[in-house]
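missing the sequence, but the structure's below:
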């Protein structure tokens with residue numbers, strides 16, 4: 001059963017609501033999974049063909065991004081950052097395919113930010129140990145303890161709000177443009193005029209917001225692990 005932009009499911013007498021954004025997010029996850037399976041099957045040793053060359057270029061680009069930002073010893077984060085880059089990019093540009101970007105929903109962006117937050121804290125604990133991790137909150141002096149705690153808490157909040165705010169603003173602008181052009185003869189205006197706007201807001205801004213999210217995640221992994 002549908003209610004607004006949510007789907008209501010009934011299971012064992014309990015009702016659960018799933019937003020459209022979450023469904024699109026799951027669809028994108030499924031696409032990513034299928035893509036990974038296909039890529040795995042086309043990889044081979046020896047001289048790569050065109051398809052494998054493209055895949056290797058993407059992997060090499062992500063690897064260079066991680067190592068240039070976090071250092072040579074950060075190769076372990078290439079899979080996570082690579083997944084983050086591809087997943088966020090697909091969600092941000094999904095507006096090109098006639099659906100609302102999932103990152104327009106704060107629950108989606110906050111979920112992704114929460115995962116990055118856990119990864120950042122878990123790596124710091126793994127690197128320094130639980131005791132040193134908590135002692136780090138009182139460095140360089142215990143007076144800064146409340147500020148350091150607030151800084152850690154605000155990280156996922158700022159990551160999620162920045163992504164959510166920019167994608168939502170872009171979506172609203174696109175919707176206003178289409179609404180304003182709806183009365184043009186035969187809707188011709190809706191075919192030509194929004195095209196450069198889609199290029200900017202969906203492709204350029206969507207890619208930029210993905211890059212900012214990934215960069216801030218990498219920077220925080222590096223800084224928190226060195227506290």
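Arrived safely, thanks for sending. Small disclaimer: the values here were computed from a predicted structure and weren't measured.

any idea how far residue 207 is from residue 162?
15 Å (Cβ to Cβ, to the nearest Å). Any C-beta I mention is one placed from the backbone N, CA and C, and that applies to glycine too.

let me redo that: residue 221
Residue 221 sits 21 Å away from residue 207, going by Cβ to Cβ.

Which one's more surrounded, the two?
More crowded of residue 221 and residue 207, by other Cβ atoms under 10 Å: residue 221, with 24 against 15.

for the more buried one, what are its contacts?
70, 74, 77, 119-120, 123 (Cβ atoms under 8 Å, 6 or more residues apart in numbering).

Keep only those of those that are in helices.
70, 119-120, 123 (DSSP state H).

Which residue is the nearest non-sequential neighbour of the residue nearest the centre of the chain?
Nearest to the mean C-alpha position of the chain, by Cα atoms, centre = their mean, lies residue 88 at 3.2 Å. Ranked by Cβ to Cβ, 6 or more residues apart in numbering and with sequence neighbours excluded, the top spatial neighbour of residue 88 is residue 210, at 4.1 Å.

what about that neighbour, neighbour count?
Applying other Cβ under 10 Å, I find that residue 210 has 22 neighbouring residues.

From residue 65, how far off is it?
11 Å.

Same check on residue 137?
29 Å.

Next: residue 181.
Distance from residue 181 to residue 65, by Cβ to Cβ: 38 Å.

Could I get the contacting residues of residue 211?
Per Cβ under 8 Å, 6+ apart, neighbours of residue 211: residue 85.

just residue 121 next, same as before
Contacts of residue 121 by Cβ under 8 Å, 6+ apart are 133, 152, 224.
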